[in-house]
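Participant: Could you look at this predicted model? Sequence included:
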Amino acid sequence: MVERGYTHFITDVFDGDLHSPYHFHTRVLGFERIGTHQVGELDCRQVRIILLLDLVRAYKRMRARPNRVFHEFTDGLHDAFAALRAAAGA
């Protein structure tokens, strides 16, 4: 995504799912909750939580405190992130 110049990533997680990645997405990666919706393509009664990740902001946040997740997600992409940050004026 970064190499293609995308600046944001959006995803849904299910509210109440025991195996939901919600806390990992929000605490570790920096996704922000932007809404919910009741129905989708999957036949599921759980409310879907809509999450948005600003890739540049997430990169800066993780770079400030690098850990294994930061290195796994950004290995080989530092130049692409630099170009993305420059394009975003950050």
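Facilitator: Yep, it's here.
Participant: what residues does the helix or strand harbouring F81 touch?
Facilitator: Following DSSP states H and E, one finds F81 within helix 78-88. For helix 78-88, contacts defined as CB atoms under 8 Å, 6 or more residues apart in numbering pick out V2, E3, G5, T7, L55, V56, Y59, K60, T74. Placement of C-beta: from N, CA and C, glycine included.
Participant: let's go with 10 Å and repeat that
Facilitator: 1-7, 54-60, 63, 74, 77, 90 (CB atoms under 10 Å, 6 or more residues apart in numbering).
Participant: Now list the buried members of those.
Facilitator: When the contacts of helix 78-88 are checked for burial by 16 or more other CB atoms under 10 Å, the buried set is V2, T7, D54, L55, V56, R57, A58, Y59, T74.
Participant: all helices for this structure, in order.
Facilitator: Secondary structure of the chain (DSSP state H): helices at 22-23, 55-64, 68-74, 78-88.
Participant: Of those, which is nearest Q46?
Facilitator: With CB to CB, the closest approach to Q46 among the helices of the chain belongs to helix 22-23: 11.5 Å.
Participant: Would you quantify the distance from the residue nearest to H37 when sequence neighbours are not counted to L18?
Facilitator: Spatial nearest neighbour of H37, chain neighbours left out: R48 (5.2 Å); criterion: CB to CB, 6 or more residues apart in numbering. To L18, R48 is 16 Å away according to CB to CB, to the nearest Å.
Participant: okay, those two: which has more neighbours?
Facilitator: For R48 versus L18, the count of surrounding residues by other CB atoms under 10 Å is larger for R48: 18 against 5.
Participant: Can you check the pLDDT for that one?
Facilitator: Confidence at R48, expressed as pLDDT, is 93.
Participant: I figured it hits V13, correct?
Facilitator: Yes - contact criterion CB atoms under 10 Å: R48 and V13 qualify, at 7.2 Å.
Participant: Just list the residues touching the closest residue to L52 other than its chain neighbours, thanks.
Facilitator: Closest residue to L52 in three dimensions, ignoring its sequence neighbours and counting by CB to CB, 6+ apart: I34, at 4.8 Å. Listed by CB under 10 Å, 6+ apart, the contact partners of I34 are I10, I49, I50, L51, L52.
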